[in-house]
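> A predicted structure for the sequence below; I have some questions about it.
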Amino acid sequence: MNLVLNCYSGTMFYESENTSKDIHDGYFIYNLINTTIEKLGEEYVVQVVTDNASNNIAASKLLDVRRPHIFWTFCGAHTVNLMLQDIA
């Protein structure tokens, strides 16, 4: 799983974690994102962007309870891609 940051300096790779043996449920995604926020400093994080898979939706709800001031947004490009696949 790759974590990428976007800031005034631009978009940059932050870290990668081999999660191939893990179950990617909402709790797993939440813990990964929450740990990353703690490493970066909560005051520097405004938004998390992921695709809209059900595990990410579950993780966004967990994060909203712990950090309600951080926005979790689902990727617009991924959403449009899903819509186009339905049309085709």
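Noted; the coordinates are in hand. Note that the structure is predicted; figures quoted are calculated from it, not measured.
> which residues does residue 2 contact?
For residue 2, the contacting residues are 13, 15-16, by C-beta atoms under 8 Å, 6 or more residues apart in numbering. The way it works is simple: take the backbone N, C-alpha and C, and place the C-beta from them, glycine included.
> tabulate those in TSV, adding columns for distance to residue 51 and neighbour count.
Putting the contacts of residue 2 into TSV (distance: C-beta to C-beta, whole Å; neighbours: other C-beta atoms under 10 Å) gives the following:
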residue	distance to residue 51	neighbour count
13	18	9
15	19	11
16	17	10
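> tell me which of those residues fall in strands.
Judged by DSSP state E, these include 13, 15-16 as members of strands.
> ok, residues contacting the lowest-mean-pLDDT helix or strand in the chain?
Ranked by mean pLDDT, DSSP states H and E, the weakest helix or strand in the chain is helix 76-87, scoring a mean of 79. Residues from elsewhere that reach helix 76-87 (C-beta under 8 Å, 6+ apart): 51-52.
> show me where the protein has helices.
26-40, 54-66, 76-87 (DSSP state H).
> bridging residues for the residue nearest to the spatial centre of the chain?
Nearest to the mean C-alpha position of the chain, by C-alpha atoms, centre = their mean, lies residue 50 at 4.1 Å. Per DSSP bridges, the residues bridged to residue 50 are residue 74.
> distance of it from residue 87?
Remark: distance between residue 50 and residue 87 (C-beta to C-beta, to the nearest Å) = 23 Å.
> do residue 58 as well
Residue 58 sits 28 Å away from residue 87, going by C-beta to C-beta.
> who has more neighbours out of those two?
residue 58 (16 against 5; other C-beta atoms under 10 Å).
> what's the burial count for the closest residue to the more buried one other than its chain neighbours?
In space, and not counting its chain neighbours, residue 58 is closest to residue 26: 2.6 Å by C-beta to C-beta, 6 or more residues apart in numbering. The burial count assigned to residue 26 is 18, neighbours taken as other C-beta under 10 Å.
> with that, I have no additional questions.
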